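Colleague: I'll drop the sequence and a predicted model, then ask my questions.
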Amino acid sequence: MSDIKEQIFQELAKLEENAVRLRATAVNAGKQTDLEVAILTEQVRNLRAKNARATELIDQSVGILKKLQ
């Protein structure tokens with residue numbers, strides 16, 4: 001009977017260890033996702049700024065070309 005109890009406690013300990021590992025993995029995945037979102041947000045912000053600058057330059061070029069005609 002004590003062997004069965006010991007085996008049950010060992011299995012419970014293993015389950016607890018696995019649960020702790022899974023929680024840590026979930027927390028780390030959440031942090032990773034937050035970091036990825038922050039990086040992508042910054043990239044989009046930079047691309048929008050570059051796009052706005054490119055639009056300004058195109059508008060200036062078109063204006064110059066119209067004046068030259």
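Modeller: Good, I have the coordinates.
Colleague: Where does the spatially most central residue of the chain fall, secondary structure wise?
Modeller: Nearest to the geometric centre of the chain sits residue 36, at 2.2 Å (Cα atoms, centre = their mean). If you go by DSSP states H and E, residue 36 is part of helix 2-68.
Colleague: From the chain's centroid, how far away is that helix?
Modeller: The chain centroid and the centroid of helix 2-68 are separated by 0 Å under Cα atoms, centre = their mean, to the nearest Å.
Colleague: avg pLDDT for that helix?
Modeller: Throughout helix 2-68, pLDDT has a mean value of 93.
Colleague: what helices or strands is it leaning on?
Modeller: Using 3 or more Cβ pairs under 8 Å, 6 or more residues apart in numbering; DSSP states H and E, no helix or strand is in contact with helix 2-68. Just so you know, the C-beta spots here come from the backbone N, C-alpha and C atoms, and that holds for glycine as well.
Colleague: OK, contacts around residue 21?
Modeller: Under the criterion of Cβ atoms under 8 Å, 6 or more residues apart in numbering, residue 21 has no neighbours.
Colleague: let me fix that: residue 4
Modeller: Per Cβ under 8 Å, 6+ apart, neighbours of residue 4: none.
Colleague: Distance of it relative to residue 47?
Modeller: For residue 4, the distance to residue 47 (Cβ to Cβ, to the nearest Å) stands at 63 Å.
Colleague: same thing with residue 65?
Modeller: 26 Å.
Colleague: Likewise for residue 21?
Modeller: 38 Å.
Colleague: again with residue 2
Modeller: 67 Å.
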